[in-house]
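A.B. asks: Predicted structure and sequence below. I'll ask about it afterward.
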Amino acid sequence: MYYCKKTRRQFLVGSGKTLLALPLLPSLMPVEAFAQAATPPKRMMMFWFDHGNLNVLWPAKSAATTAVGSSGMREVLLRNLGTASTISPVLNNPLYETLKNNDQMTIVRGLDASVRWGSAHGNFVVASAQDRNSEGGFPSLESVLESSKTLYPDSTPAYVRKAIRVGLLGAGLFYQKVGSGVQVLPHYEDWTIRNFYNEVFGSLTAGTTAPADNTNELKSNILNRVFGAYTGFKNSRKISAEDKARLEQHMGYISDLQKSLVQVAPTPTCSKPADPGSVSDPALCNRIYMDLLAVAFKCGLTKVGVMALEAQDPQWIPGLSGLGTNVHDAMHGSRGSAIQRTAFEVWWKYFANMIADRFLAPLNVEEGVTGRTYLENMVTGMLCAGGMGDLGDDNGHQGYDSQQLLIGNMGGALRSGRYVTMPSSGLPYNCFLITLLQLMGVPPSEYAFATPNGQGFGYYGEFPTSHVLKGRFYQPISEILT
């Protein structure tokens, strides 16, 4: 028998590199870990519903009966509340039933978004305090994400749009940055859909492009990275034939693994969508924007999007043309309870179905070899500005008892599939925004500057210093995180 007289260092150089690949062997790798070997980027899309919401359209807070945490929150699995359309008539699209059954839907109820700034209401879904006339130095959420070096390091390709803002019929007024006075950020309107197309998809040359992800490239180098050292070690005359046979067998395993990676993880490509041309029909405009936003996320052209849904007087929506007043006033109860419910239910159902068909459905497919869909790997918010109210009431811009709906769980970071109610004392909406920032991996150092005292996020001025949950004001809602 031959004995190896190589030094310990020589042995590590020759075989140690080869052994680095051992944890990647299929027989030693858990199925779940193998499926999630590729880590997807953090992404968030926010759809903005305005004018509050109605209790009659959603579950009562008393439906959540299981205590969670120590602050008085309660929860219940959405699967235990019946079908999606039973949970809310506006969720009658079959996709919501699928998402609910897969625990990919979350409802957070009872947030306190009652803060005001200046002379007007300030509870808007992407900020904790804003005003139409004096923005007051409190930025909108997507502008913080856009400027995050953690989310968008300097190596981010130039073609990536760091935040895509769509604000139809003036709703984009509240996309604002830090500073004194109103500083409205550029956003896309009904009449700028061609600009959106050209600016977002201009990088898709020759029809396709590969997303900015080198995961597959790194995988393809497994064999190359160890083969040279392996060859030099194996050719040594002082290694026994038995050991050489074992090394050969081991490298064969690595080769087989490499082939399987190539087969199951092809480099994804993205087809350039058709030029939408000039669009004048508002219904078509909304559908095209959602179509294009889904492609932008799938192609890695952005990580952040927000779209405000027009709610001033969209009488082009079937069922909203005979209210006897504009849709905005009907939602605020000016024509009585029956008309108020019709306005809310028809409007919410229309856009909830459009979001399901045009944005969520194209992303409800597996992303690479993560074992999860694009939707599961990101978070999509159907966020409501304002609070819940009874028929006949008008809590649309008061912000008490605010409710938010989330789709997906950011690859498992969100405890999804639940209906969660906040403590009776209320928790600031700021905490929900901080939760979204944490889900996106943004550290406090990149958002806490946007507060008067350098803590938390946004404006806290109207919450009393004696509030029973004061100690949680600057933290995320840990009860809905894993």
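C.D. replies: Yes, it's here. Numbers count the residues shown, from 1 in each chain.
A.B. asks: So what are the structural domains in the chain, by residue number?
C.D. replies: According to the domain assignment given by automatic domain parsing, the chain is divided into the following structural domains: 12-34+216-264, 42-211+281-480.
A.B. asks: Just say which of these is most tucked in.
C.D. replies: Burial among these, expressed as mean neighbours by mean count of other Cβ atoms under 10 Å, is greatest for domain 42-211+281-480, which shows a mean of 19. Placement of C-beta: from N, CA and C, glycine included.
A.B. asks: what about that domain, start to end distance?
C.D. replies: End-to-end distance of domain 42-211+281-480 (Cα to Cα, to the nearest Å): 17 Å.
A.B. asks: I'd say W316 and P282 touch.
C.D. replies: Yes - look at W316 against P282 with Cβ atoms under 8 Å: they come within range, at 5.2 Å.
A.B. asks: Against N377, how distant is I164?
C.D. replies: Computed as Cβ to Cβ, to the nearest Å, the I164 to N377 distance reads 18 Å.
A.B. asks: What is the neighbour count of A274?
C.D. replies: 10 (other Cβ atoms under 10 Å).
A.B. asks: and Y400, what is it in contact with?
C.D. replies: Y400 sits next to D112, A113, S114, G387, M388, G426 when contact means Cβ atoms under 8 Å, 6 or more residues apart in numbering.
A.B. asks: Next, please give the residue ranges for the helices of the stretch 201-350 of the chain.
C.D. replies: Remark: helices of the stretch 201-350 of the chain, listed N- to C-terminal, are 215-220, 222-234, 241-264, 282-298, 327-331, 337-354; assignment by DSSP state H, counting those that start in this stretch.
A.B. asks: Does the shortest one pack against any helices or strands, and if so which?
C.D. replies: The one in question is helix 327-331. Judged by 3 or more Cβ pairs under 8 Å, 6 or more residues apart in numbering; DSSP states H and E, the packing partners of helix 327-331 are helix 337-354.
A.B. asks: any idea how far the helix it packs on is from the chain center?
C.D. replies: Helix 337-354 sits 24 Å away from the centroid of its parent chain (Cα atoms, centre = their mean, to the nearest Å).
A.B. asks: do stretch 356-366 as well
C.D. replies: On Cα atoms, centre = their mean, the centre of stretch 356-366 falls 13 Å from the chain's centre.
A.B. asks: Could I get the pLDDT score of the residue nearest to P41 when sequence neighbours are not counted?
C.D. replies: The shortest distance from P41 to any residue that is not its chain neighbour, by Cβ to Cβ, 6 or more residues apart in numbering, is 5.9 Å, and that residue is K303. According to the predicted model, the pLDDT of K303 comes to 97.
A.B. asks: Now K303: phi and psi?
C.D. replies: According to degrees, to the nearest 10, the main-chain angles of K303 amount to phi -120, psi -10.
A.B. asks: What ranges does the stretch 51-200 of the chain have for its helices?
C.D. replies: Assigned helices in the stretch 51-200 of the chain, in chain order: 84-87, 94-101, 141-147, 193-201 (criterion: DSSP H, counting those that start in this stretch).
A.B. asks: what sits up against the first one?
C.D. replies: Spelled out, that is helix 84-87. When contacts are taken as Cβ under 8 Å, 6+ apart, the neighbours of helix 84-87 outside the stretch itself are 58-59, 78, 81, 91-93, 96-97, 99-100, 105, 107, 419.
A.B. asks: switch to 6 Å and redo it
C.D. replies: Counting by Cβ atoms under 6 Å, 6 or more residues apart in numbering, helix 84-87 makes contact with L81, L91, N92, Y96, E97, K100, all of which sit outside it.
A.B. asks: Let me know the closest of the residues you listed to F138.
C.D. replies: Comparing the contacts of helix 84-87 against F138 with Cβ to Cβ picks out L91 as the nearest, at 31.6 Å.
A.B. asks: For the closest one, which residues are in contact?
C.D. replies: A84, S85.
A.B. asks: Quick one, grab the pLDDT at it.
C.D. replies: L91 is assigned 98 on the pLDDT scale.
A.B. asks: residue contacts, G454?
C.D. replies: Taking Cβ under 6 Å, 6+ apart as the criterion, G454 is in contact with A448.
A.B. asks: nearest spatial neighbour of W348, skipping sequence neighbours?
C.D. replies: Nearest non-adjacent residue to W348, counting by Cβ to Cβ, 6+ apart: V90, 4.1 Å away.
A.B. asks: Pretty sure the one you found sits against K349.
C.D. replies: Yes - using Cβ atoms under 6 Å, V90 is in contact with K349, at 4.4 Å.
A.B. asks: separation between the closest residue to I407 other than its chain neighbours and D313?
C.D. replies: With Cβ to Cβ, 6+ apart as the criterion, I407 has its nearest non-adjacent residue at 4.2 Å, and that residue is T380. Relative to D313, T380 is positioned 26 Å away (criterion: Cβ to Cβ).
A.B. asks: give me phi/psi at the residue nearest to V306 when sequence neighbours are not counted?
C.D. replies: With sequence-adjacent residues excluded and distances taken as Cβ to Cβ, 6+ apart, V306 is closest to M46, at 4.4 Å. Backbone torsions of M46, given as degrees, to the nearest 10, read phi -120, psi 120.
A.B. asks: Quick one: the strands in the stretch 301-450 of the chain, in order.
C.D. replies: Secondary structure of the stretch 301-450 of the chain by DSSP state E, counting those that start in this stretch: the strands cover 304-308, 379-384, 388-389, 402-407, 418-421, 427-428.
A.B. asks: For those, give me TSV that also has distance to S203.
C.D. replies: Conversion of these to TSV gives the following (distance: least, Cβ to Cβ, whole Å):
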stretch	distance to S203
strand 304-308	17
strand 379-384	23
strand 388-389	42
strand 402-407	27
strand 418-421	39
strand 427-428	40
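A.B. asks: Can you tell me which of the ones you listed is nearest to T373?
C.D. replies: Between T373 and the strands of the stretch 301-450 of the chain, the tightest spacing by Cβ to Cβ is seen for strand 402-407, at 10.5 Å.
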